[in-house]
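Trainee: need a 3D model of the sequence below.
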Amino acid sequence: MFRVEELLFEYFFEYIDELRRKGQIESAIDGVKKFLSVMEGIWGDINPYYLKIVNGLAMTYHSIGRMKEAEPLYLKAVNQAQINGEEKEDYLFYLNNLALLYQESGRLKEAEPLFKKLVELTLKTVGRKHIKYADCLHNLGYLYYSLGQFKTAKNMLLKSLEITREILGDKNSSYANGLESLLEFYISTGDLAEAKKICRKALKLRRIIKGKRTPEYARCLNKLAAICQIKGKYKTAELIYRRVIKIDIENKKEGHPNFGVTLQSLAELYKALGRYEKSEAMYIESLKINRAVLGDLHMNVARCIYDLAALYMTAGRYQESEALFSQAIDIKSKIVGEKNYEYASSLNGLAELYTVMGRYREAEQLIQRAITINEEALGDRSLEYAVNINDLANLYAFTGRFNEAEELHKIVAGIRYDILGGMSKGYAIAMNNLAYLYFLMGRYEESGELYKEALLIICKILGRDNSDYATCLNGQAMVGYALGQYEEAEALYVKALEIKRSIAGEMHPEYATNLCNLAMLYHNTERYYEAEQKYLRVLVIRRMVLGDRHPDLAVSLNNLAVLYIDMGKYSESELLLNAAGKIIFNVLGEEHSLYAFNLNNLAWLCQNTGQYRKAEGLYLKSAQKMLHALGDKHPDYAAVLSSLGWIKAATGQYGEALRYLSESVKINDMLLERLAAYLPEQQLLSFASKLEGETFLLLSFVWRCLKDNNDAVKIASDTVIKRKAIVYEATAVQHQAAITRKYPRLEGIFIEMKQVHNELAGRMLSGPADDEDIETFKTNLECLDNRLKELQSQIAKQVPQIDIQMRLQGADRRAISNSLPPNAILIEFIRFIPVTFAATENEEYEPARYIAFIVASEQPEKTILLDFGTAEEIDFKINNFRKIIMDGADNRGHGDLGLATGLIKDECRILYDMLFMPVAEVLHENNLKKTDHIIIAPDGEICQVPFEAFVSPRDRFIIEDYNISYVTVGRDIVRFGVGYDGADEAVIIADPDYNLTKPEEGTENIQWQRGGLLSKLRGRGKYFPPLPLTRREGKKVAERVSGMGLKVREFYGKKASKKQVKEVAAPKILHIATHGFFLPDKERPVKMQLRGIIDKRNMPEYIKSSIFKHNLENPLLRSGLVFAGVNIVLSGGKPPEEAEDGILTALEVMTMDLTGTELVALSACQSGMGEVRCGEGVAGLRKSFILGGARTILISLWEVPDFETLMLMESFYTSVFRGEDKSAALRMAKLELINRLRKGNEFVNPWYWAGFICQGDTLPIQQ
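Mentor: Down below sits the predicted model:
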């Protein structure tokens, strides 16, 4: 009987196979169904041959993707065969088929227990050393791979491969199949190095088994091409895909689904290359093959349709894309239902399209559905789930829901890190996405660090010559650009472009995007011709590749239009903006953020052509849309508010103007304050300079229109005080963290930073070594400087933000007023460029001016705005005053410097009229006649002149009527008397032995090293002459301070060394009497202008300041003090080790711990000199000692006379000893010196007595 059944079974299946080979699938299915209905009545439903036919019908349905019809048949075969015993071969075979069905349908959790059961039963029936057991391990391992449990999957795949090798050897198809599964695993997990090794091994094995012209060899080649494609080696990948196609054609496999897979892979490659027409043709051909072989209801067909939809989305063919995504969703729902990850992936694709189209609500609903499906089907730690979360994060970022987006991006990064590891492409891309989010949020330091991390990962696993590496470079460049680091950004953009060009050529959308970013940079730096050429090139690329209706083309039209506004080509700009708006409106709709930016640019055009009412309406409409899209804390929204403020001011709507301008300032203040917690000093300064335009706009408005409006003046004053304070306070916090060792975890960084500081200073002083050319020297210096920036960045990131926030508390005129000493006022100066509120054919901006805000003690609600005139005129007079002082100082007579004295008196009278007469009038008019202490926060060149020396119309110096002192920023006043207590000691260093030993003869013929600052010092005069009076000065100071209960340590002669100074640790008083120096750099004109919005690919700005390019030698290396042994160094000799090089630069001072030091007196020439930077103060010794922690510094503004300095210091410390506050003590000393030098009522030259100023906390020294 069973022999008859067996023969009948064999005959029937031969017939069915014949029908299948002829493509008559439906006929075969009908035949099986009829045969089953007949044989069920004869054999019964548990007959082994009957069950084989049931299983065969299920396999037929399975092969053509009709999973819903296959499943009940598999279940019937499994359940009935189970009755005959679970260890029977038929049961295991049917169970395996059912498990594979679940796996291919995406029902992985249902498949897992079946595969586990197969492993257990197979182990029980055949043992470990059997190929069937190896196959079961392989299938379970592949399932775990699909579930994202990569470690378990890898172990099982390796174990299966090892068993196969032990049983069959390593020269057979089974072993090759195992290798290829492992290869697929390594490709998916991003381990391309291991994948390449396995691929070579598999190819070699396929070649040995059947040769190089077989379909099996072709499939392996396909995987090699995939590796090349991932690594960005597109040309090589294309050649390999073409070779695979050729092999398939030779084997007559053109109609096989595997041939379609190759076409899909090639289509994906062409898509990556931007060759969309070729990609489309390949996708369509693959779809045609799959439909012909598998029918319309097959997963492969649905995947082909999905891929084609994604291509159309990229190409901007949104309607076609939407139709195809919907079709893919429909097919998958029919095959696997709506609770399957395949179905969820198609929902996600449609959601991505809706996000691009601005249909955000629909997009979010689809993504949320996909997330729910995958969470139930695969769990919340799978890669598919991470894809959904990532897309939702991107959607939230588009719509300004940044906090939600951040949390989601972090979840994605965590999942990919856990599954793929930290050195994987997937994790790197997650870092890149989070970096871009932080960029959009304005968190530029965090963004830059993440881009750097992603870059390192990509570089290590893929190398530098791939698209992903270029993308990360582009991201870093965007951050640099946003921070105002234009040169660094340009270099990164160019490098990224070179990579993109080498990979895919210039006719590629990504190349166009990078080129657009570079064009924006040129635009922003006023390199208009270069910007125009690149914008035009981008326009050509996008039009040819993407067509005339793509949103990216609209972006290009917008960018070029705004450039033409800045170039005065208004008619051309209007045509471009209208064309861009039409594309955006038709393709994306008027609610899309791009439409808001287009409106903004149209408004900017109207503003420039004097159409203010029209501009106002457009700005209002743009602001509403940006508020909806980006939220009320985004810098782009602030930019539009700033523009509205300008329009309102220009049209006389002053109340509205003030509201919009102050709101814009408030938004950017929050951004600047947040950045202060992350950025090192130079990066923070670069970004702060970008906000100067906004500050100047507010100041211009208040100065021109509302100078008598107290509320407006208060807003303007608070803005100036806060913005000057933020950079200074952030730098101070970071410095204090370093020098006080407040954070033990950063100890290693602090130590290295100090070493780098010292090495950089030494190298800059000495110049190139004997075996070092100029270029190598510059490179080495650059490396040191970059390392210093890295260390500063690490400290900035790890110093708690709360430290900076606490320092910034009270950065306004209210807190300052309440902290001022009785009868005192603060004069907060600012140098600014006035903005005009009218459009002209050729935009002209008024010359820079000095204004100041006066804040009086205990009058927080009363702030006064003063205008002092043009900066050019004031700066000229200040520099003229200094020149006369310095030139006249060469005549070292007492009391009479001849003609210079008369000239100086005239200059002192002029400076009074310019800089103090307005103050005197305000004091008289505002019931401030009792004012006796004036604290000045200077800006620009005003930092370089002592107000005490100004002469009133009554021929009196200001110092005779007022106590004058100085602060770096007005905010300093709030911290008077607050801080650490220094050690109860005074350290006095004076009269250094500059020679130590007599300089050797013949040193005048020594060739000085190239480029070093030592050569510049030598150029001032060969040696530093001795200062014997400073020893006497030191002794007098020691005598006075010892009476204050302080332990005094004195160092003179050979002991007055640089090493000794550097080892000083926070004494209460540090007095240094020696030579100081400041080496001016070559003057280079710095142009500063204000201009309007630039559309920066969704990131416009209204006002910007010009670019400050600080390419000069570091001013902290060009100022300093000299000590014992310096002349030996200057003459080319080598001083004793304890003397070091005898030159203490301002850069090295920054590594000293002076926290709690109440007074640093620098009784040295030019100790207060440095490079003046508007808004930043003076970069030199005064900045370094303050950042080092000194509460008060006594510094000189010119080369001071020895004898008069001795008398001044003796008198100063006498008053300090009596408990006077420090500025009052200096005033008394100066007045005493004036009286000593004055003969009758004649004028006393300020050179003798006015050189020293008191900066910082003026309160008495605690005794």
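Trainee: please save the CA atoms from the helix or strand harbouring Lys883 in CSV.
Mentor: Using DSSP states H and E, Lys883 maps to helix 871-888. C-alpha atoms of helix 871-888 as CSV (Å, rounded to 0.1, in the frame of the first residue of the first chain):
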residue,chain,number,x,y,z
ALA,A,871,35.1,107.2,17.8
GLU,A,872,37.6,108.3,15.1
GLU,A,873,38.0,111.8,16.6
ILE,A,874,38.2,110.5,20.2
ASP,A,875,40.6,107.7,19.3
PHE,A,876,42.8,110.2,17.4
LYS,A,877,42.9,112.5,20.4
ILE,A,878,43.7,109.7,22.9
ASN,A,879,46.5,108.4,20.7
ASN,A,880,47.8,111.9,20.2
PHE,A,881,47.8,112.4,24.0
ARG,A,882,49.7,109.2,24.5
LYS,A,883,52.2,110.0,21.7
ILE,A,884,53.0,113.4,23.3
ILE,A,885,53.4,111.8,26.7
MET,A,886,55.7,109.1,25.3
ASP,A,887,57.7,111.4,23.1
GLY,A,888,58.1,114.0,25.9
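Trainee: buried stuff in that helix?
Mentor: Neighbour-count burial for helix 871-888, with 16 or more other C-beta atoms under 10 Å as criterion, is recorded at Ala871, Ile874, Asp875, Lys877, Ile878, Asn880, Phe881, Arg882, Ile884, Ile885, Gly888. For glycine as for every other residue, the C-beta is placed from the backbone atoms N, C-alpha and C.
Trainee: closest to Gly1053 among those?
Mentor: Checking those against Gly1053 with C-beta to C-beta, the nearest one is Ile885 at 31.2 Å.
Trainee: out of the buried residues of helix 871-888, flag the one nearest to Asp248.
Mentor: Proximity of the buried residues of helix 871-888 to Asp248 (C-beta to C-beta) peaks at Ala871, which lies at 76.4 Å.
Trainee: about what we covered before: average model confidence for the helix holding Lys883?
Mentor: Mean pLDDT, helix 871-888: 88.
Trainee: what do you get for stretch 1254-1263?
Mentor: The pLDDT scores in stretch 1254-1263 average 85.
Trainee: in stretch 967-981, what counts as buried?
Mentor: For stretch 967-981, by 16+ other C-beta under 10 Å, it's Val967, Thr968, Val969, Gly970, Arg971, Asp972, Ile973, Val974, Arg975, Phe976.
Trainee: the fifth one reaches Ile816, doesn't it?
Mentor: Yes: distance between Arg971 and Ile816: 7.1 Å, which falls inside the contact criterion (C-beta atoms under 8 Å).
Trainee: who's in contact with Leu100?
Mentor: Residues near Leu100 by C-beta atoms under 8 Å, 6 or more residues apart in numbering: His62, Ala111, Asn139.
Trainee: hmm, I typed the wrong one, I wanted Ile973.
Mentor: Ile816, Ser819, Leu820, Leu826, Ile935, Val967.
Trainee: and what about it, helix, strand or coil?
Mentor: The three-state label given to Ile973 by DSSP: H, G, I helix; E, B strand; the rest coil is helix.
Trainee: can you pull the pLDDT of Lys1016?
Mentor: Taking Lys1016 on its own, its pLDDT is 48.
Trainee: if we can go back for a sec, now do whatever helix or strand comes next after the helix holding Lys883: distance to the chain's middle.
Mentor: With elements assigned by DSSP H and E, the helix or strand that comes after helix 871-888 is helix 899-911. In terms of C-alpha atoms, centre = their mean, to the nearest Å, the centre of helix 899-911 is set 51 Å apart from its chain centre.
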